[in-house]
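Peer 1: Okay, structure incoming, though there's no sequence with it:
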Ligand code: SAH
Ligand code: SF4
């Protein structure tokens, strides 16, 4: 490779991609596996430190490749153990990742895009507009940094992150080409070794891409629903005009055949007077049970709206949330209502992502901008 070529950031290659990369360098598959383990399982970025790789290979790698982390702009930690990192992705753009520890699991909520083009009314990322897709390397870099930084802090070589949810900034299924290798590295036994049920993609409902995800990397799926009727959903999630509810629900049922769990999670952001009335709950029930086969195939997460300036929206009153939940619970839907962050990890990130973006919370620690490769 000529010295003027930019180096390949190996964080963006899945195992197969790294095998192909190493083949070009004249290296065998098992070398790629060793290298992949050094990077993801041990968090090593410096090829020189990869002691069981031949010196000649280390030298070749140093010439044409790198393991490039994202610079950390800020870190905020909350009293409940939640940590939010803001990463610099260049040209004035930043994305966030949120670590949410709980008793039986520790979830990392990560971003897929800088900004978002979908423009949902209740979402501050949507209001910011779209800057660009993250590369696979930038998606994986969030996990790589968080996992190995936590191990360093906690002085352990034990796994720190047990679950990943794509619920930070951006619409993951609009960045499908980069999402797929990133997910593969999360799932790979030589990478992070997470099971498909512990990796969740959250989508606003890009129907054809849901089918492609089912075919290529069928991880757990969360669908941001927010409204049970097309007219209302059109006004909250503009994408609904392209993929209306009937098509979206049909895609969810198709996905179910490939999903690692026997349910799809639906997220529903509770907006006072907009989508939180008993009539909406009844309509939602009808939607979930369109085929008359019951509601056992879905799980519903009611997310209190996190307000942000100029949204013109208000979070539902607790008694409205309870009444809404009761209609669905009484009909047998598995409903989770989140009151505070950390209450329910499976969907806490939507709330947290909104909160960290939109509110100034107690800043426990503001870190200086770090070197790109934190070793
Ligand atoms: N774009 C994807 C994933 C990122 S958003 C999606 O829309 O599913 C992750 C979750 O956060 C979504 O369910 C979204 O509806 C929710 N969310 C966004 N803004 C919010 C806010 N202000 N308050 C509460 N939840 C919000
Ligand atoms: Fe984009 Fe999701 Fe926000 Fe909608 S809720 S604007 S899809 S990040």
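Peer 2: Arrived safely, thanks for sending. For clarity, every value in this text was computed on a predicted model and none was experimentally measured. Ligands and ions are numbered 1, 2, ... in the order given.
Peer 1: Name the SS class of the closest residue to ligand 2 within the chain, please.
Peer 2: Evaluated by C-beta to the nearest ligand atom, the chain has residue 126 as its residue closest to ligand 2, separated by 2.6 Å. (Glycine included, C-beta is placed from N, CA and C.) Put simply, residue 126 is helix when judged by DSSP: H, G, I helix; E, B strand; the rest coil.
Peer 1: dump the residue contacts of it.
Peer 2: 116, 118, 119, 120 (C-beta atoms under 8 Å, 6 or more residues apart in numbering).
Peer 1: so what's the last one closest to, chain neighbours aside?
Peer 2: On the basis of C-beta to C-beta, 6 or more residues apart in numbering, the spatially nearest residue to residue 120 that is not a chain neighbour turns out to be residue 126, at 4.3 Å.
Peer 1: Helices - which of the contacts of residue 126 land there?
Peer 2: Among the contacts of residue 126, no member falls in helices (DSSP state H).
Peer 1: Write the PyMOL selection for whichever of the residues you listed are buried.
Peer 2: Buried residues within the contacts of residue 126, by 16 or more other C-beta atoms under 10 Å, are selected in PyMOL with:
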select buried, resi 116+118+119+120
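Peer 1: Which ones, among the contacts of residue 126, also lie beside ligand 2?
Peer 2: 116, 118, 119, 120 (C-beta under 6 Å from any ligand atom).
Peer 1: any idea which of these is closest to residue 147?
Peer 2: residue 116 (25.1 Å; C-beta to C-beta).
Peer 1: Please determine how far that closest one is located from ligand 1.
Peer 2: Residue 116 sits 6 Å away from ligand 1, going by C-beta to the nearest ligand atom, to the nearest Å.
Peer 1: do residue 222 as well
Peer 2: Residue 222 is 7 Å from ligand 1, by C-beta to the nearest ligand atom.
Peer 1: now the strands: where do they sit in the protein?
Peer 2: 8-9, 65-66, 72-77, 83-90, 93-101, 106-109, 113-115, 130-133, 163-166, 199-203, 220-224, 264-270, 298-304, 334-337 (DSSP state E).
Peer 1: Mean neighbour count, mean pLDDT and distance to residue 29 added to those, as JSON lines?
Peer 2: Shown next, in JSON lines, are the strands of the chain (neighbours: other C-beta atoms under 10 Å; pLDDT from 0 to 100; distance: least, C-beta to C-beta, whole Å):
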{"stretch": "strand 8-9", "mean neighbour count": "18", "mean pLDDT": "98", "distance to residue 29": "18"}
{"stretch": "strand 65-66", "mean neighbour count": "20", "mean pLDDT": "98", "distance to residue 29": "17"}
{"stretch": "strand 72-77", "mean neighbour count": "18", "mean pLDDT": "94", "distance to residue 29": "34"}
{"stretch": "strand 83-90", "mean neighbour count": "20", "mean pLDDT": "96", "distance to residue 29": "32"}
{"stretch": "strand 93-101", "mean neighbour count": "23", "mean pLDDT": "95", "distance to residue 29": "31"}
{"stretch": "strand 106-109", "mean neighbour count": "25", "mean pLDDT": "96", "distance to residue 29": "29"}
{"stretch": "strand 113-115", "mean neighbour count": "24", "mean pLDDT": "97", "distance to residue 29": "33"}
{"stretch": "strand 130-133", "mean neighbour count": "18", "mean pLDDT": "97", "distance to residue 29": "30"}
{"stretch": "strand 163-166", "mean neighbour count": "26", "mean pLDDT": "98", "distance to residue 29": "26"}
{"stretch": "strand 199-203", "mean neighbour count": "23", "mean pLDDT": "98", "distance to residue 29": "25"}
{"stretch": "strand 220-224", "mean neighbour count": "24", "mean pLDDT": "98", "distance to residue 29": "30"}
{"stretch": "strand 264-270", "mean neighbour count": "25", "mean pLDDT": "97", "distance to residue 29": "37"}
{"stretch": "strand 298-304", "mean neighbour count": "22", "mean pLDDT": "96", "distance to residue 29": "40"}
{"stretch": "strand 334-337", "mean neighbour count": "17", "mean pLDDT": "94", "distance to residue 29": "44"}
